[in-house]
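# I'll drop the sequence and a predicted model, then ask my questions.
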Amino acid sequence: MHSLIVYGFPIILVSFEALLRNLLNVDTLGFVGPTLAATGISFLVPLTKLKEFEFETEEGERWIKVSKRDQVFVNLMWFFLFVSLFVWFWVCTLSIQGSSFIFLGFPAQILAGAGLYIVSIILGAVKEFM
């Protein structure tokens, strides 16, 4: 339930902001893409931390271990985080310009922001099960 609230909370915020902007007669599409992209990036940042496992040897020594798979995953997250910043910048640019580029019936900035958001949730779930 906690994960549902954490990952779903940005959607709730976007919904409330859309409602508020509709009540004030302000264009609501311009902010959705950058908001979702920024949220997706914020979900990626914690994924750059290595999971450390502490264990004790038979001699009583304490050791900290990090899996090789997690090291590779964290390196990929740093790369993906860097690329995501450019995606966010592009989404913001499209939003500011009021781009009318439509893909699959949606503005490109909304699809890109939502895509980054969804990918970050999937990557968070992958990290949970590693």
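Good, I have the coordinates.

# which residue is nearest the middle of this structure?
Nearest to the geometric centre of the chain sits Gly40, at 1.8 Å (C-alpha atoms, centre = their mean).

# quick one, what contacts Gly124?
Applying C-beta atoms under 8 Å, 6 or more residues apart in numbering, one finds that Gly124 lies in contact with Tyr7, Phe43, Pro46, Leu47. Every residue, glycine included, has its C-beta placed from N, CA and C.

# all strands of this structure, in order?
Secondary structure of the chain (DSSP state E): strands at 53-56, 62-65, 102-103, 106-107.

# for Val32, find the nearest of those strands.
strand 106-107 (8.4 Å; C-beta to C-beta).

# longest helix anywhere in the protein?
Ranked by number of residues, the top helix in the chain under DSSP state H is helix 68-97.

# what packs against it?
Where contact means 3 or more C-beta pairs under 8 Å, 6 or more residues apart in numbering; DSSP states H and E, helix 68-97 is packed against helix 29-44, helix 108-128.

# pick the most buried one from those helices.
Of all the helices and strands packed on helix 68-97, helix 29-44 has the most neighbours on average by mean count of other C-beta atoms under 10 Å, namely a mean of 21.

# where does this structure dip in pLDDT?
Applying pLDDT under 70 to the chain flags residues 1-3, 26-28.

# how much space separates the nearest residue to Ala38 once chain neighbours are set aside from Ile118?
Spatial nearest neighbour of Ala38, excluding adjacent residues (C-beta to C-beta, 6 or more residues apart in numbering): Trp88 at 6.2 Å. Distance, Trp88 to Ile118, by C-beta to C-beta, to the nearest Å: 15 Å.

# sweet, I'm off.
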